[in-house]
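In: Based on what follows, work out the 3D shape:
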Amino acid sequence: MFGPVKNIVVKILILFSLSLFFHNCEEPEDVVITNEEDYNSTLNMSSVGNGSTGQVQDYFYDFDDAIDASFFMYNRTRFNYSYDQYLSIYTYEPPQMSMKNFPDYLLNVSSDSAQFTVRHKIDTLIIGEDTISSSIGSVVQDSFMMTSTQFKNLLSIDWDLESGPSLQRYKMQTSSWVQKDSMIHYADTSDFIVYQAVLDTPLIDNGIMFVDTSEWRDTSYTFINDSLPYLFTTQFEFERTQLSSDSLIYRINTDCNDNNLWDLAETKIADYNNDGDSTDWLSEVNDGIDYNNDGSLDNIIYEFIDRGNNILDPQETYYDMNNNGVRDLNELYQDRNCNNKWDDEEIVDSGNGQYDDIEQYTSKDADGDGENEKHLYLIGSIPNNVLVDWTEESNPEIMINIDVGDSLTNRWGVVFNNIIETVSYVNTKQQAVSNVDSIITLYTNDIVGHITTGSQSPEDYYITKTDWVESSSGQEERKYDYQIFSENNHINQLVYKNYFLPPGFYQNQNQFNNGFWHKNYLENEIYLYTYNGLIRDGEHIDTAYYDTTNIAIYLVQKSFDVERSEVTVPAARQSFLDNEDGSFTCLRDNSIVFNSAECLQVDTTFSDCFKITQEMNMTMIGSGVEYGQKVYTWLAKDHGMVKSDMYIRWTENPFFEQSSQFGEVDESGKVWSGYSRIELAKLDIEQSGNVFRELLNPSQIISLSNIGNIPEFDYEPIKISNQSGFHTINFEESE
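Out: Here you go, the predicted model:
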């Protein structure tokens, strides 16, 4: 038995000699460790890519400078909007996130109580005598709860009549969470051994360690028989109500002459106004031109044949809210001919008053004959397609409320049964439970700090702070977060490591909203890899390791890539010109205003950039559920981060429907959904002056617990959050 244990201890040393850990005085927790695998790196190569390099302080940030920046923020549903698109839809600028640092403060991550810390040089592993009698070959009765994936039943679909006309759409009314569980009981045979030591030296084998001799913690190393895990499979059966596969409320009509047939583009006649196309309709009386040369200026002239459908169409169906028998401007209607206005019944067959190109369609086999048909609709992302029931052809009705089992008949007699359908749903869950070979518990002094080089002290950590305003249900709430960085070979970030909860693990709504659990101590992660302080085009680093926790074992795989790039963002240094009359000319659109604050940002293209691609995939061993994060970050010389796009993906997404419409599909077919995007809006950097600033106003050393007591930090304390660089991840607020 001890042969495998010895080998695994060696693997522990190899893995954790690569890692830095910063532990607060937290409750003991079990840690299951295994070896690192699949490590590929260009850091041992003197030349990579096209040879282009840059000092990291020139492209990221020199933390000795005073940095004050603001960024435009685009959340998940607005991820694909450009700055101009956002302005055209909302008529105001995107929300902003401010970022600043605190060059006059350095963070001390060691213990706040120096009198209780003792400095120990890490040497070799010294194991004390057994403190507890070992138990060899014990049979342990164990159990675990296997739970199904959570879901909600769709109860009804209701049109939101209370919003403004342009914002109205169908809203889904759902049940509370539905879930089943099953307790699995099994027996396991394991060995138990207990040791005592000053330091947990299998974790770290070099540098200076600070320990609290008044505190002890127990760390358990669990050694697994990987070749023979316990595998359990359970099926959970449900009756589930959901939107039918027809997805009627998401359809976008493309039959713009309303004839139930696929048509080519309308025939063009002539370019009467010589604008390079033949898609206009022209008013002779407004233009003062006799386009058709009939001697009269009373005509509306079309440059194309505005075809009808050879039918005298009834008026477009509307919802008569005030029952006055007349369609009022604010009343909901079905736009059957794509012209974005309500049309009364026809007296003569006519077109829709606009040029219609070739009709788009969805190709699928709806009748099961093996041949795809052209269906005259596309599928959108917003449920704003008004459903009309033509069961009574002379009196079609808009479906304001749709309940389970409701059906409709369209204008052409096609029946759609069960818009909300009831289906039998079987959720099969499989979970591998580790076959524990042995558990070794090591009692050690509590670790409060770790230094790996003689040049870095516990205080060489820099703080930045981001804050922004979020709107939810009409209420605005200010949010903030801190980021802690250090410079030691690479740019490092101190984070509380976060892990997703297994599907079905959620016991209440709060757990589901949070979605992630976290370790209670800071750990050092490399944020930006450098080669002797240089960012290099073509840099590529892969890492992979198993992280075993009390909740589950996670396989964590990361990659880091660098390439030369350029990027355009609305971040010009100047957005207006002063006029002699006291007004201002806005450079973005040449408009004249009397308040310079009304001028919008102007696009700036940064060509001296490095694009950093960081990808992380986390797989929960046993269930096979995967969660991934991908972040593209553009660093511009002398400007730091100018843009950063964050994508996420799930194999079983418990939060929202994944869609490539707001993201991308990679080369392996994985769908990455856009989660958040930040673009530089303004930047102000006050250089430190280095030696003179340090002499006249030296940095003040502060501790983690003291941040909330300092006015420069707005009396806001450090809090645990899920971070990736300057992105804060909170799925509860990602709608």
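
In: for the stretch 51-200 of the chain, what spans make up the helices?
Out: Taking DSSP state H, counting those that start in this stretch as the test, the helices found in the stretch 51-200 of the chain are 56-59, 83-90.

In: now the longest one: mean pLDDT?
Out: What that stands for is helix 83-90. The average of the pLDDT scores along helix 83-90 is 85.

In: Could you do the first one as well?
Out: Per-residue pLDDT values across helix 56-59 average out to 91.

In: quick one: contacts of it?
Out: For helix 56-59, the surrounding residues in contact (CB atoms under 8 Å, 6 or more residues apart in numbering) are 491, 528, 530, 533-535, 609-610, 635-638, 640. Where C-beta positions appear, they are placed from N, C-alpha and C, glycine not excepted.

In: Columns distance to Q57 and pLDDT on top of those, output as a markdown table?
Out: Compiled in a markdown table, the contacts of helix 56-59 are given as follows (distance: CB to CB, whole Å; pLDDT from 0 to 100):
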| residue | distance to Q57 | pLDDT |
| --- | --- | --- |
| I491 | 9 | 91 |
| L528 | 11 | 94 |
| T530 | 10 | 93 |
| G533 | 8 | 90 |
| L534 | 10 | 94 |
| I535 | 10 | 95 |
| C609 | 16 | 96 |
| F610 | 13 | 96 |
| L635 | 11 | 95 |
| A636 | 13 | 94 |
| K637 | 10 | 93 |
| D638 | 10 | 91 |
| G640 | 10 | 92 |
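
In: and A681, what does it touch?
Out: Taking CB under 8 Å, 6+ apart as the test, what A681 contacts is S70, F71, F72, Q96, P570, A571, Q601.

In: Make JSON lines from the residues you listed and add distance to W177 and pLDDT to it.
Out: Below are these laid out as JSON lines (distance: CB to CB, whole Å; pLDDT from 0 to 100):
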{"residue": "S70", "distance to W177": "39", "pLDDT": "92"}
{"residue": "F71", "distance to W177": "35", "pLDDT": "94"}
{"residue": "F72", "distance to W177": "35", "pLDDT": "93"}
{"residue": "Q96", "distance to W177": "35", "pLDDT": "91"}
{"residue": "P570", "distance to W177": "41", "pLDDT": "90"}
{"residue": "A571", "distance to W177": "43", "pLDDT": "86"}
{"residue": "Q601", "distance to W177": "43", "pLDDT": "87"}
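
In: Go through the residues you listed and say which is closest to L577.
Out: Q601 (14.8 Å; CB to CB).

In: And the closest residue to that closest one other than its chain neighbours, how far from W634?
Out: Nearest non-adjacent residue to Q601, counting by CB to CB, 6 or more residues apart in numbering: P570, 3.6 Å away. P570 sits 14 Å away from W634 when distances are taken as CB to CB, to the nearest Å.

In: do L312 as well
Out: As judged by CB to CB, L312 and W634 stand 58 Å apart.

In: Same drill for these two, tell me which one is more crowded.
Out: W634 (24 against 12; other CB atoms under 10 Å).

In: residue contacts, the residue nearest to Q601?
Out: Contacts of P570 (CB under 8 Å, 6+ apart): F72, Y83, L600, Q601, V602, D603, T604, E679, A681.

In: what sits against the fifth one?
Out: If you count contacts by CB under 8 Å, 6+ apart, V602 has them with P570, A572, Q574, S575, L587, R588.

In: need the contact list for the residue lying closest to D263 once chain neighbours are set aside.
Out: Residue nearest to D263 in three dimensions, not counting chain neighbours: E359, with 5.3 Å by CB to CB, 6+ apart. E359 makes contact with T254, D255, C256, W262, D263, L264, L376, according to CB under 8 Å, 6+ apart.

In: Under a three-state scheme, what state does E359 occupy?
Out: The three-state assignment at E359 reads coil, by DSSP: H, G, I helix; E, B strand; the rest coil.

In: correct me, but I301 touches N286?
Out: No: using CB atoms under 8 Å, I301 is not in contact with N286; the gap is 11.1 Å.

In: So those two - more neighbours on which side?
Out: Per other CB under 10 Å, whichever of I301 and N286 has more neighbours is I301, with 19 against 9.

In: May I have the beta-bridge partners of the more buried one?
Out: In this entry, I301 is beta-bridged to L282, by DSSP bridges.

In: What is the burial count for T633?
Out: Count around T633 with other CB under 10 Å applied: 24.

In: what does G370 give?
Out: Using other CB under 10 Å, G370 has 6 neighbouring residues.

In: Could you look up the SS state of it?
Out: Per three-state DSSP, G370 ends up coil.

In: Return the distance of it relative to K364.
Out: For G370 relative to K364 (CB to CB), the value is 12 Å.

In: just checking, N722 touches M646?
Out: No: with contact defined as CB under 8 Å, N722 does not reach M646; the gap is 11.6 Å.

In: got any residues that touch both of those two?
Out: Common neighbours of N722 and M646, using CB under 8 Å, 6+ apart, are I729.

In: quick one: which of the contacts of helix 56-59 is most hemmed in?
Out: L635 (27 neighbours).

In: For that residue, what are phi and psi?
Out: phi -110, psi 120 (degrees, to the nearest 10).

In: distance of it from G54?
Out: The spacing between L635 and G54, counted by CB to CB, is 8 Å.
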